[in-house]
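> give me the fold of what follows.
(one chain, ligands or ions: 1)
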Amino acid sequence: MDRRQAEADRWRTEGNRRGVSGTPELRGAYNFSAGPATLPRPVARRVREELAAHAGDGASIIEISHKHPRFRGVLDTAVALYREVTGLPEEHHVLFVHGGARMQCAAVPLNLIGRSPTRTAGYVVTGLFAQQAQREGARYGTAAIVAGSRDTGFDRIPEVTARHCPPDAAFLHLTSNNTVYGTRWNDFPRDCPAPLVADATSDILSRRLDHGRFGIVYAGFQKNLGPSSMALVTVRDDLLGHALPETPRLLDYSVYAASGSLDNTPNTFAVFVLSLTLEWIRDQGGLAAVERTNLAKARLLYEELDRTAFYRPTAHPDHRSVTNIVFRLADESLTGEFLARAQAEGFLGLAGHRLVGGVRASVYNGMPQEGVQALADFLREFARERG
Ligand SMILES: *Cc1c(COP(=O)(O)O)cnc(C)c1O
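Below you'll find the predicted structure:
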């Protein structure tokens, strides 16, 4: 065996033992991590092919200028495909903004709050990220909590009608899917005088979303779009150009709109992966087809959880998330054993958020139906053995 081969083997075994990421690579494993999350397998394969194709010349898509025609082509494709698969209305821009979802909790008020004479915005607080958005908003004006579900442990989506909207609010902010508590909106507020703003990080492109109902939709990349640290932001044209004077240039949405998201260097890798993700969605038959598949996957798990009192799904049945399935074991003392067994059998990333504990299966677009079926079988088997 030559030295290079030996080196490669050593790297592989050590990589497997210690894990480049701290966990061993398991054959036939399924990753239910809440995010960053598993990519659709064909997308991951095309990323590998791209890097392999340029191993010799060092000029893969992440090694060339962001102004290079090849990268511009990728970015333009991503925007065009996003418009196509979501049916985005003409007057909405598609922007790739730095800093992930949480940065938009600052960018949204910086860009919009100046439109309110009293610098007021409304927030619906339905979970952890909704709360963080509201706290960030309070740095720039009055961030009024107009409705929420804290009193019931964030187990549901409250009723929100026009009367909840402060009359002079610059926007009404909501979280379309609550990643930590596993709830989602089915009917968004109607007749609110202020533009609606949605943090759609954990359900973007998992279902159809009528962007025309929203002034702004934003989503961190790392759950359904690609690698972390960028956000996809759609903004209605009339909402541009109102940023507070102190807004950092690179948080001003009008700068992104004017430069085609190329005022400075975006995460070119993330945009590349997004373009592949969108192609994959189109090839699945578009968002309607993806939505059907996701509903079927979620139903498999909820049916298994509802079958026995051994498990306790935590979300109100009318507001259950399709992408984050959150539950507890009726006998909480079995949770550790459940998670360890699951991990050993190749079901990764199932521990609930550290604030709530319990179990969470995140089932984004990238999770294949077989993975969900295997987890459902495991749930049944574990309940039979230990119930
Ligand atoms: C994951 C998540 C975030 C945090 O995203 P970052 O990109 O880490 O800022 C915000 N909101 C929701 C709904 C999320 O699921």
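> CA atoms for contacts and neighbours, from now on please.
Fine.
> which parts of the stretch 1-150 of the chain are strands?
30-31, 92-98, 120-125, 142-148 (DSSP state E, counting those that start in this stretch).
> parallel or antiparallel, list what pairs with the shortest one.
So the one you mean is strand 30-31. Strand pairing for strand 30-31, using DSSP bridges, gives strand 347-348 (parallel).
> closest one to residue 379 among the strands of the stretch 1-150 of the chain?
strand 30-31 (14.2 Å; CA to CA).
> near the ligand, which residues of the chain are found?
100-102, 129, 175, 178-179, 199-202, 220, 229 (CA under 6 Å from any ligand atom).
> filter the residues you listed down to just the ones in helices.
100-102, 129 (DSSP state H).
> give the ChimeraX command for selecting the buried subset of those residues.
Per 16 or more other CA atoms under 10 Å, the buried members of these correspond to this ChimeraX selection:
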select :100,101,102,129
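> okay if I get the ones in helices among the residues of the chain next to the ligand as TSV plus pLDDT?
Below are those laid out as TSV (pLDDT from 0 to 100):
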residue	pLDDT
100	98
101	98
102	98
129	98
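> hmm, back to that, need the strands of the stretch 1-150 of the chain in JSON lines with mean pLDDT, can you?
Below are these laid out as JSON lines (pLDDT from 0 to 100):
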{"stretch": "strand 30-31", "mean pLDDT": "97"}
{"stretch": "strand 92-98", "mean pLDDT": "98"}
{"stretch": "strand 120-125", "mean pLDDT": "98"}
{"stretch": "strand 142-148", "mean pLDDT": "97"}
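> out of those strands, which is closest to residue 249?
strand 92-98 (11.4 Å).
> ok, back up a step: and the ones in helices among the residues of the chain next to the ligand, which is closest to residue 151?
For these, the nearest to residue 151 is residue 129 (16.4 Å; CA to CA).
> could you pull out the buried residues of stretch 351-363?
Those would be 351-352, 358-363, for stretch 351-363 by 16+ other CA under 10 Å.
> in contact with residue 269, which residues?
Residue 269 sits next to 61-62, 227 when contact means CA atoms under 8 Å, 6 or more residues apart in numbering.
> quick one: which of those residues is nearest the ligand?
residue 227 (9.6 Å; CA to the nearest ligand atom).
> so what's the backbone phi/psi at the closest one?
phi -70, psi 160 (degrees, to the nearest 10).
> repeat for the one 4 residues further on
As for residue 231, its main-chain torsions (degrees, to the nearest 10) stand at phi -130, psi 140.
> on that earlier part again, can you tell which of the strands of the stretch 1-150 of the chain is closest to residue 212?
strand 92-98 (8.2 Å).
> other SSEs contacting that closest one?
strand 230-236, helix 253-259 (3 or more CA pairs under 8 Å, 6 or more residues apart in numbering; DSSP states H and E).
> in that strand, what counts as buried?
Buried-residue list, strand 92-98, by 16+ other CA under 10 Å: 92-98.
> CA atoms only for it - export them in PDB, please.
The C-alpha trace of strand 92-98 is given here as PDB (Å, rounded to 0.1, in the frame of the first residue of the first chain):
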ATOM      1  CA  HIS A  92     -41.500  41.100  -4.700                       C
ATOM      2  CA  HIS A  93     -37.700  41.000  -4.800                       C
ATOM      3  CA  VAL A  94     -35.600  37.900  -3.900                       C
ATOM      4  CA  LEU A  95     -32.600  38.900  -1.800                       C
ATOM      5  CA  PHE A  96     -29.700  36.900  -0.300                       C
ATOM      6  CA  VAL A  97     -28.800  38.700   3.000                       C
ATOM      7  CA  HIS A  98     -26.000  38.000   5.400                       C
END
